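S.K.: The sequence isn't on hand, but the structure is:
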C-alpha cells in the first residue's frame, strides 16, 4: 500500500478564470486517473497579495507575487501558465530555461514572433527532456477525442467540408464596458484569437489535416464602449467577429466563424465535418454528445445518430461515472493534465506542442492579413 | 352561390420535378385559399409525346409538344415556366411579348446577360399590366415568412450575422452518373446556382438587406463521372460546392455554403440570423419550426424557443389544418401561386420580381468571379 | 395512351376538418401513385345547402343534403364517412348493405355496441367482395410505417416498453367555449376517443402486439365552460385527459397519455418503443423523422439516429419529392386512400379493418371502466 | 487573511460509486462556494483494507474498516452515508445518537419501517441541533432548481400534468450478471427504489405538490441471470421496471416510469410539467438545459425555449464558469454539500429531510402494493 510514485511539484501562474479551472483539474486528476506520478500543488503566483487567499481557497501550498520566484523554486518541476497572453512568452521562456516542464494556456502568444521564439525554445528544451504543451483544452472533450478517432480510423473517408463556429454573445450589448479583452495591446486580438484559435486547432485536430490558406473578413460592430473603471468611453481595438474561408491540406473546403455577437449562443463551439463515407457534428453546448452519420449504411436506416460520449470505451470516460452521467467544462482540463503528466512521466513530447500553437498563430495572422487585403487568398507559411 | 370570379387559363412548360410540384399547387390552391380569380389548368407543354400522359395524370386539360403553341393560345393568361434554366429566357420573353403573366422558376436564367434581358422585358411588360415573378418558393415556408415579419418589426434589432447553408448529399458517391445538372452548358452552374441561389435570396428576403460583396471558393471534388446514358465517363463541368463570405447592406457579416457533398444532409437549407436584440434559426429539414431567441428577456429565462409555425396567426397557416398538423415541401408552391394570383388579380407587381432574380444572378456571378480571382473581395453591381 | 383502368365513383359524407383533408387526398392521389383504378370525386353529402359551395371548392361533381341520396346512387362505389362519430354506424351499415366499399373515419363508433354491429356487417359484406377500412391515418406516416417494418423484421428484438402520448393544448384556457367535442352525447368521449384512439392503434400497429389490459385515470380539469352559441355556461361531459398503463400481448409494459391540457404541445403524438435489440422514437410534430437506436452496435458508436424518412426506400416516399423535401399531415390521408384503392381493386381486405376499429373501441371502453373502478386492472375482451 | 471559520470534520462511509462522487464534492466545494465553515475530509470507512488506498486516492486523512470507529471519533462532526441501502438505518441511527449531523444517500432505507425509525430519530435529533438530510442530488441540478423556482413563482399556473421517466439500459442484455442491485435482500427493490425514487422526489420537489395515490405495474423481464462470481445462474428478485399513474395533491395527473430496459437511454431522467400558464421539460442527458413554454405569450411567438441554465442568475451557476460552459453530474453533489453545510452552520434544518425521504419510501411501498393488487388505486398515507 505504499505509494512509491515520484512527486512532481507544480507552480501555477494566474488565478483568474483559467487559473481557477486549472486548479480544479490539478486537485481532481489524481482521484480519477491512475497517474504514474503524484502532482503536488506547490505554489501559486499572482501579482497582488490577494494571491494568498486564492492559494488557500484553491488548494495551493504556497503563494508568491512574482512568477520569477515560482520558476526559481527547486520543488517546482512543472510551470502552468494561466496568465494573459501578453505574458506567456516571457514566463515560458524563463521556465524552459530553468528546466521546468511547461503547460501554457492558448493562444500560445499574442504575436507570431513570440510564438516562434517559444516554439524554438521548446524544441531545444525537448532535447534535454524538458517538455511543453499548449492548452487547447477542447481536444479533451471525450466526444471530440472520439471524433478524431473516428476520422483517423477512416470512418469518414475523404474529408470534403469543415464547418466550424465559435459563437458567444457576451458583448452584444453596446453598454458592456471596455474590458481588457477588448484592448489589442493586452489581448492581441478579439474573438479571433480568443475563440477563433480554438476552432482552428479543433478543425485540424479532428481532421488530422492542416489549414493551408484563408480568405477573411473581420469586423468591430461596436467601435466605442464605456470605460471599465471610470466615466467616459474608449475605442474597441480588437475584432468583434471574424469569418473566414479555408482549404484543408486534404482538399476540403472550410468555413470558420468566431464571434461575440451571436445573441443567444453562449459557448457554441460547433464543428461539422462531412466526408465521403460519413459525417460528424459537435456542439459544446451539448458537450456530452457527438452526432455521427455513417454514409455506408442503407439510406433508409442512415441518419445522424446522437452518441452520448459517456461509455467506458470513449476517451477518458471510463475514469468517471456510469454512462449518461455527463461531464462538464472543467473535465477537459482534468484530461489535459492527465495527458500532460503521462507524457512527462514517460519522457514523451505531449500534444499539442508549442509548434502546434505556433501554427495556429500563423493561421490567425493570415486571417488578419487577408481581412486587411480585400479578403485575398492568403496561404499559411509552413 | 354562383361563382362570378374571372377565370384565368394557365399554361405550364415542363413536367419534371418542378412541373409536378407546380401542378399539385395549381390543383390545390383553390380548395384552401379564397382566391379572387379561378385558375384553370389549361395546357401543359413538353418536348415528347409523353406529355399527354403527364397532362392526364397531373390534371391539365390539354397537352402540346411545343411551348410556342402554349404561348400562342388565347385561353392561356398565365405561363408557368418549369423548364431547365437554359430555356427560361426564350420562353419568358415570348410569353411577356404575348401579354401573358409569367411565373418563372429560379434561377431566373443561366447568365447575368439573359437575366438582364428578362428583367428589362418584365419591367416594360409591367407598364402594360403584364406581371411576372420568379419562383423562390422557400420564401413561402410559413416559418420563413414569419421570420421576415419578426425582423421587419424590429424584434432582432440591428443584424450582425447571417449564417446560411444549403447542404445536400446526392452526389457524394463518385459512381453517381454525369446527369444534366453536372453539365455547365445546361445547368449554368452546380450547387451554386441550384441551391446557392435559394440561400442568397432567403438571406436577403428575411433580413430585408442586400448582399453587397463576396469573397468565395468553389470546388469540384469529383472531377469525372460515369456517363448517364452509356459506357465511359466524362468531366464534371460545374461546381460541387461553393462557400463564400459576404457583407449585408446593413453591416452584417455573412457566411454561405452550398454543397452536394454534405453526407447525411438531405435538404438542409439553414439560416441563422443574429441581431442586437434577438436571433432566428431555421432548417428546412424541420420546415414547420422556427427558432427565436429574444435577447431582451432576462438572461435566466431567455433561450432559443421552438415555434411551431402552424398557428392561425402565422403566414399562410390559417388556410390549412389545426396547429401542429405540419405542412410539407409542396405547400411552399401552393402559397407562391396564391400570392401570384392575388397580385395578378389586383394588378399589383408580385414579389420576388425578375429584377430580384437578376440581383441574385449578379451575386452568383460575383461568387464565380471571386473564386476565379484568389477569393478577392468582389462587390455586387447595383 | 388510352387509360383503360376502371373508374370508381366516390361519395364523401361531411366536409369539415376531416372532409377537407380527405378531399385533398382524393384530389391528389392519382397524380402521385400509379393506381389500378381511377377514382372519381362524384358526390359530397352535407346537412345544409352550404354543401354545394363546399363541393365546388373541394372538387366534387355533385352535392346532396341527405347522405341516403349519396348511398343510393349507382355511380357511387365507395363511401367515405367523415361525419362525426355518432353518425358512423348508421351510414356505414347502410352503405355496406347497398354494396358500397366503405372508408370510415376513426373512432369507428361512439360505443362498443355500435362498433360490434359495424364489424359484424363488414365481415359479412367482405364475403360478397364489399370491403371496408377504418381511417387511422397516422399508420401512413412514412416514418411510422417504416417503424413497423423495423419491428416486424426483428430489429428491435423483444419489445419491453411502449411509451405513447398524444398531447394537445387547445382547451387549456378555461374560456374556451363548450364545443361539440366536449359533449359526451355527440363526441362519445373527450381526449380519450379523439386522440387516445390514435395512440392505441399506433402502439399496436407498430409493435404488432395487442393491448391486453389497462389500468386508468381520467380527469376533467375544467368542469364548466361558456356555451359556444350564446350566453351562460354548461358542463363539460367528457374527459379532458386520460392516462393509462397497459400490458402488450408480447409482455411489454406500456404507458399511454392523451390530453388536451399539455400547454405548448400542439399535436405531439409520440411513440417510443424499447426492445431487447433496439429502440424507436417518433413525434408527429417532426413527422418526417424517425429515431432509431440499434443496440447491437458497439456501445461507443450507438445512439438514437435521426432518420429522415424521405428516402425512396421508405414507405410511400418514392411517390413524392427528393430526399429531405418533407411531407405534411395531409399526405397520411393520400397514402391511406392509395392503400384503400389498391385493396379494393385487388379484392383484398384493407387494413385496419372494422374489426381492428372495434378492438380499439374495446380498449377505450376498458380505460373508462378502469377509471370508474379505482383504476383496477381491466382486461380487454377478445 | 486569517481564516477564522470553524472546521467541521467529515466521516464518509462507503467509497464505491456514491462515495467517489461525494468525495469529489467534499474536495471541491470550498474552492467554489464561500462556505461559512471549513469542511475537513477526516476519515473514510470501508469494510476491507482496500479502504486505505481509497482514502489516499480520494483525499481522506484517515481510514477505518468499521464505521462504528468513524462514528465514535470526536473529530467527526458530519457522517456522510454512501453505503448500500440495507446499511443506512443502522449507521444513521448510531450517528444521530452520537450527535453527528447526517447526510444519507437515497433511498433513505430499504423499508418503510426503517425509514420511519430514521425520520423519528432525525426529528428528535433536530431538537438538539443535530441535523440530517437525504441525498436526492438531482434537486441540485441548476436547471431543476430553476424549474422549481419558475413553478413556485406561479409561471406555470395550475399544474395539470406531470410526466416523469427515468430510463436506463444497463441490464438489457440477459447475459448481464446477477449483481447485488438485482438482489432484493440487499437492494430493497430494483429500478423502482434505485431510480424511481429520484423521479418521485423530483416531481414533488419541482411542483411543490405531493403524490397522493398510485396505480402501478412492475415487471421482471429477465427472471434468471448468470451469477456474478461463479458458474451457474440465479433468480432476479427485484423489478426490472415499474410504471405507475398518480395524482398530485393539486389535482394533476401524473405518469411515472422507471426502467433499466430502455435500450439507448443511458440516464434519461426526464420530467415534463404542464400547467395552465406554461410548461417545463427537462432531461438529465442534457442536464444544462431547461425547456420552458410560456403559454401567456401570443401563440405566434410561443414555443418551448431551450434555456441554458448556466447564467449567473441560475441557482448555483454563478459559482462556476461563464455562461455556456456546462456542468456535469458531479456538481449536483457539490451543490448538495454546499446547501448542507450552509444549513449546518446556520442551525437550520436542511432539505430534503429524512421525513421527505420517508414520504418517498411510502410512495414506493404503495407502488409495490398496487402492483401486487391488480393495479388498484392505492393512496399514500400521510
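M.R.: Nice, thanks for sending it over. Fair warning: this is a prediction, and the values are worked out from it, not measured in the lab.
S.K.: Any stretches of chain A with poor pLDDT?
M.R.: Scanning chain A with the threshold set as pLDDT under 70 gives A:1-2.
S.K.: Domain parsing of it, as residue ranges.
M.R.: For chain A, automatic domain parsing gives the domain ranges A:7-137, A:140-372.
S.K.: Out of these, which is closest to chain C?
M.R.: Closest to chain C of the domains of chain A is domain A:140-372 (C-beta to the nearest C-beta; 3.3 Å). All C-beta atoms are positioned from the backbone trio N, CA, C, and that covers glycine.
S.K.: Which stretch among the domains of chain A approaches residue C:363 most closely?
M.R.: domain A:140-372 (31.1 Å; C-beta to C-beta).
S.K.: Ends of the closest one, what's the gap?
M.R.: Start and end residues of domain A:140-372 are separated by 34 Å (C-alpha to C-alpha, to the nearest Å).
S.K.: Enumerate the residues of the stretch 251-382 of chain A near chain B.
M.R.: Within reach of chain B by C-beta under 8 Å from any C-beta of the partner chain, the stretch 251-382 of chain A has these residues: A:251, A:253-255, A:257, A:259, A:261-265, A:272, A:274-279, A:293, A:295, A:302-304, A:374-377.
S.K.: Show the residue spans covered by the helices in chain A.
M.R.: A:17-32, A:50-58, A:67-72, A:85-97, A:112-126, A:142-152, A:184-187, A:191, A:197-207, A:331-346, A:354-372 (DSSP state H).
S.K.: Quick check: chain neighbours aside, which residue is closest to the most far-flung residue of chain A relative to its centre?
M.R.: What lies farthest from the middle of chain A is residue A:300; by C-alpha atoms, centre = their mean that is 38.8 Å. Nearest residue to residue A:300 in three dimensions, chain neighbours excluded: residue C:313, at 4.1 Å (C-beta to C-beta, 6 or more residues apart in numbering or on different chains).
S.K.: Against residue C:149, how distant is that neighbour?
M.R.: 10 Å (C-beta to C-beta, to the nearest Å).
S.K.: do the same with residue A:54
M.R.: Counting by C-beta to C-beta, the gap from residue A:54 to residue C:149 is 62 Å.
S.K.: and the closest residue to residue A:235 other than its chain neighbours, how many neighbours does it have?
M.R.: Leaving aside its chain neighbours, residue A:235 sits nearest to residue A:224 (5.6 Å; criterion: C-beta to C-beta, 6+ apart). Residue A:224: 12 surrounding residues under other C-beta atoms under 10 Å in any protein chain shown.
S.K.: For residue A:224, list the residues it contacts.
M.R.: By C-beta atoms under 8 Å, 6 or more residues apart in numbering or on different chains, residue A:224 lies in contact with A:233-236.
S.K.: Enumerate the residues of chain A near chain C.
M.R.: By the rule C-beta under 8 Å from any C-beta, the part of chain A lying against chain C is A:146, A:150, A:292-293, A:298-308, A:311-314, A:323.
S.K.: Am I right that residue A:17 is in contact with residue D:325?
M.R.: No - shown here, residue A:17 and residue D:325 do not form a contact pair, counting by C-beta atoms under 8 Å, at 9.4 Å.
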